[in-house]
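K.L.:
Provided below are the primary sequence and the corresponding predicted coordinates.
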Amino acid sequence: MFDAPGPRSRRRVFWVSAVSASVLAGLVALGLRQFALNGQLDPARWRPYLTWPVWRYLLDGLGSTVLAACATGVLAAAGGLVLALRPNRFTRAYAEVMRTVPVLLLVYVMLFVLPSFGVNLPLFWKLVVPLALSHAASYAVIFRAGVSSVDPGQREAGLSLGMPDGVVTRFVVLPQAVRHMTPLLVTQAVSLLKDTSLGYVVSYTELLFNGRVLANYNGLLIQTFIVVAFVYLVVNLGLSRLAHRLEAARARTAR
């Protein structure tokens, strides 16, 4: 889609990257210095995070986070597939609205508005349902792009054999589209996993909620949230790496 950068562009990119890395390193060094001056790097403040009970508590929260993410992913993918395969004014309007409405607002509706009408779901679903409603719009865009990437001749060949349109979509188009969509689906999972941190709003015991409880218990606020951020970083980097590998594998297959 773009021309390869020339020597001048490569030099510009190199110097911008070098300056950005230097500024970032300086900020990290400044932050570490402030931590050291305030005793936040004292080994005694980090020692609790070398014990199994603390990690077991955080990993329980991570397990709840993954469970909520998986349930949200299944519901959102199903909804997104319906939105992508049945394009009309309603589905297009729904996708546009849900892509602009903050997820937190949907969580508040589920938490405060619906109970006043007698709809009071368990904590797990108060988190999962708003996330699924929001992410269904994103999945619809991914599915629509994946279906569009399939050669139209594939659908025409299926229809010429007398196969119904729905059968062609399910057994001819979608299997090929999934190969194109897989990296994007994994990338979407990263965004979905991060959004489960909104579980603290509904008191769902996900990773961030457990981190807050732990920080209130031991008084180590900074250390606790650095560890929690590290856990999120490891999980999301793993998913991002998987998406890159899937994309590279798909590119090799397409050659």
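P.N.:
Cool, got the structure.
K.L.:
please report the distance of residue 115 from residue 202.
P.N.:
From residue 115 across to residue 202, the span is 11 Å (CB to CB, to the nearest Å). For glycine as for every other residue, the C-beta is placed from the backbone atoms N, C-alpha and C.
K.L.:
who's more crowded, the two?
P.N.:
A direct count of neighbours by other CB atoms under 10 Å for residue 115 and residue 202 places residue 202 higher, at 20 against 12.
K.L.:
what is the burial count for residue 212?
P.N.:
Residues near residue 212, counting by other CB under 10 Å: 16.
K.L.:
tell me if I'm right that it and residue 201 touch.
P.N.:
No: look at residue 212 against residue 201 with CB atoms under 8 Å: they stay out of range, at 11.4 Å.
K.L.:
so the residue nearest to the spatial centre of the chain: helix, strand or coil?
P.N.:
By CA atoms, centre = their mean, the chain has its centre lying nearest to residue 191, at 1.7 Å. Under DSSP: H, G, I helix; E, B strand; the rest coil, the three-state class of residue 191 is helix.
K.L.:
just the one 5 residues further on next, same as before
P.N.:
In three-state terms, and counting by three-state DSSP, residue 196 is helix.
K.L.:
roughly how far apart are residue 32 and residue 41?
P.N.:
Counting by CB to CB - residue 32 and residue 41 are separated by 7 Å.
K.L.:
the two: who's more crowded?
P.N.:
A count of neighbours by other CB under 10 Å puts residue 41 above the other of residue 32 and residue 41, at 15 against 12.
K.L.:
how about the more buried one, what does it touch?
P.N.:
Residues counted as contacts of residue 41 (CB atoms under 8 Å, 6 or more residues apart in numbering) are 32, 35.
K.L.:
so it: helix, strand or coil?
P.N.:
Taking three-state DSSP, the label given to residue 41 is coil.
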